[in-house]
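Peer 1: Kindly generate the corresponding structure for this input.
(one chain, ligands or ions: 1)
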Amino acid sequence: MKLAALLSVFILGLAGSTGVRAQSAEPIVIKFSHVVAPNTPKGRAADEFKKLAEQRTNGRVRVEVYPNSQLYKDREEIEALQLGAVQMLAPSLSKFGPLGVRAFELFDLPYIFPNKETLYRVMDGDIGKRLFEMLEPRGIIGLAYWDNGFKQMSANRPLRSIEDFKGLKMRIQSSKVLEAQMKALGANPQVMAFSEVYSALQQGVVDGTENPMSNLYTQKMHEVQKHLTLSDHGYLGYAVIVNKRFWEGLPADIRATLEKAMQDATEFERAIAQRDNDDALAAVRRAGTTEVYVLPFRDRVVWHRALLPVHKEFERIIGRDFIQAVYQVAADVEKEKAAQPARQEPKERPGPSR
Ligand code: LMR
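Peer 2: This is a model prediction of the structure:
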């Protein structure tokens, strides 16, 4: 018996030591959690990053993508990242407020981006960089900005004029700017995790919501929303973020390879975002469950006028310099477009007023 016990200790010991050796050859695991469907711009780009990261590190890195709030809901996922339970996320830019970085709500200001050119210049320029710097003291590193699209309004009643919003319970993300936006329209904003929106709409806990088409369609919200207004009144995009300690602890060659993979996944993401949203709109029209109303330009001007005070209201919180800098970028883009009349597109939404 004694011998058997000793032998088993020896065998276990051997197994343990090979285990340690095997462990050193184990891949580095990146858990990438997100809340949307895999067939959205964010979902597809997360999968693209996984593919590139695993190929280019020859399997030294394994990326596990968990879509659809499988692991964590909105708020929990940021806490999980800070605790190191997951390593990578791509939350919407509207969800950084609870982390104490309110300046990200810049992206929520209604009608602040008259076009995607302005948006990309802001994300990829000094503002985008300064926002990422604000995350570092919270143990987070920002790697990239991903696109989704301009948001549309939906409800079970037509939303054509501002008066139509009166008293409606509208689901929003956890952003004070979005709260103010809905109040400016006369609606009653309700913060809710993304994973709960479909059933809240179905059960009438809320009456309506705002989202880019890709989110609305992939969550089947059109099945429980009779009316959709294409208003492009606001923007929804993402920051891809990682746990700082994890990222800085990676071997330098691996980190460099992953940074390049992220750059390429970002290019891929921005190239597919608009098309995914256009396809989603076409699919909603085909489904025939929702009446689609295109807000005419003259009414966009009215909505814009009603929502513009929200910019002023948040100057102190977001930073007047940030808001003014976006106006300036928008003006520069407008001027450049005007200088190329042949390529000028029809004006679709009113720009920010200065
Ligand atoms: C939402 O909560 O509506 C969005 O932030 C979901 C997402 O990640 O696109």
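Peer 1: State the phi and psi torsions of the residue of the stretch 101-250 of the chain found nearest the ligand.
Peer 2: With Cβ to the nearest ligand atom, the shortest gap between the stretch 101-250 of the chain and the ligand falls at Phe194, namely 3.4 Å. All C-beta spots, glycine's among them, are computed from the backbone N, C-alpha and C. Phi and psi for Phe194, reported as degrees, to the nearest 10, are phi -60, psi -40.
Peer 1: you'd agree it is up against His34?
Peer 2: No - contact criterion Cβ atoms under 8 Å: Phe194 and His34 do not qualify, at 9.7 Å.
Peer 1: Looking at the two, which is more packed in?
Peer 2: His34 (29 against 22; other Cβ atoms under 10 Å).
Peer 1: residues contacting Tyr120?
Peer 2: Asp147, Arg270 (Cβ atoms under 8 Å, 6 or more residues apart in numbering).
Peer 1: Quick one: classify it as helix, strand or coil.
Peer 2: With DSSP: H, G, I helix; E, B strand; the rest coil as the basis, Tyr120 sits in helix.
Peer 1: Could you report the pLDDT at it?
Peer 2: pLDDT recorded at Tyr120 is 97.
Peer 1: The one 3 residues further on too?
Peer 2: Residue-level confidence at Met123 comes out at 98, pLDDT.
Peer 1: Can you give me every residue that contacts the nearest residue to it once chain neighbours are set aside?
Peer 2: Computed as Cβ to Cβ, 6 or more residues apart in numbering, the closest residue to Met123 that is not its neighbour in sequence is Tyr145, at 3.9 Å. The contact partners of Tyr145, by Cβ under 8 Å, 6+ apart, come to Leu93, Met123, Asp124, Gly128, Gly237, Tyr238, Ala239, Val240, Thr266.
Peer 1: And Lys312, by the same measure?
Peer 2: Lys312 touches nothing, counting by Cβ under 8 Å, 6+ apart.
Peer 1: returning to what we had before: gap between the helix or strand where the residue nearest to Met123 lies and the chain center?
Peer 2: Using DSSP states H and E, Tyr145 maps to strand 140-150. Centroid displacement of strand 140-150 relative to its chain, using Cα atoms, centre = their mean, to the nearest Å, is 6 Å.
Peer 1: Touching the helix or strand just after it from outside, list them.
Peer 2: Following strand 140-150 in sequence order, the next helix or strand is strand 152-155 (DSSP H and E). Defining contact as Cβ under 8 Å, 6+ apart, one finds that strand 152-155 is touched by 159, 164, 168, 170, 207-213, 216, 221-222, 225-233, 290.
Peer 1: average pLDDT for the helix or strand Arg298 falls within?
Peer 2: Using DSSP H and E, Arg298 falls within helix 297-307. On average, the pLDDT along helix 297-307 is 97.
Peer 1: neighbours of Asp47, just the number please.
Peer 2: 18.
Peer 1: which residue packs closest to it, ignoring adjacent ones?
Peer 2: Nearest non-adjacent residue to Asp47 (Cβ to Cβ, 6+ apart): Val65, at 6.0 Å.
Peer 1: Same check on Phe322?
Peer 2: Counting by Cβ to Cβ, 6+ apart, the residue nearest Phe322 is Leu106, at 5.2 Å.
Peer 1: quick one: contacts for that neighbour?
Peer 2: Contacts of Leu106 (Cβ under 8 Å, 6+ apart): Ile112, Ile127, Leu131, Ile318, Gly319, Phe322, Ile323, Val326.
Peer 1: Please verify my assumption that Gly139 contacts Gln82.
Peer 2: Yes - Gly139 is within contact range of Gln82, at 5.4 Å (criterion: Cβ under 8 Å).
Peer 1: need the contacts of Leu106 in CSV with pLDDT, distance to the ligand and secondary structure, can you?
Peer 2: CSV is the format used below for those (pLDDT from 0 to 100; distance: Cβ to the nearest ligand atom, whole Å; DSSP: H, G, I helix; E, B strand; the rest coil):
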residue, pLDDT, distance to the ligand, secondary structure
Ile112, 98, 17, coil
Ile127, 97, 20, helix
Leu131, 98, 17, helix
Ile318, 97, 18, helix
Gly319, 96, 22, coil
Phe322, 97, 21, helix
Ile323, 98, 22, helix
Val326, 98, 20, helix
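Peer 1: what's downstream of the one helix or strand Glu48 maps to, the next helix or strand?
Peer 2: Using DSSP H and E, Glu48 maps to helix 41-56. For helix 41-56, the following helix or strand on the C-terminal side (DSSP H and E) is strand 61-66.
Peer 1: what mean pLDDT does the helix or strand just after that next one have?
Peer 2: For strand 61-66, the following helix or strand on the C-terminal side (DSSP H and E) is helix 74-83. Mean pLDDT, helix 74-83: 93.
Peer 1: ok, back up a step: next, count neighbours for the residue nearest to Asp47.
Peer 2: Count around Val65 with other Cβ under 10 Å applied: 17.
Peer 1: Same check on Val191?
Peer 2: 15.
Peer 1: so who does it touch?
Peer 2: Contacts of Val191 by Cβ under 8 Å, 6+ apart are Arg171, Ile172, Gln173, Ser174, Glu179.
Peer 1: Any idea what it is bridged to?
Peer 2: Taking DSSP bridges as the rule, Val191 bridges to Ile172.
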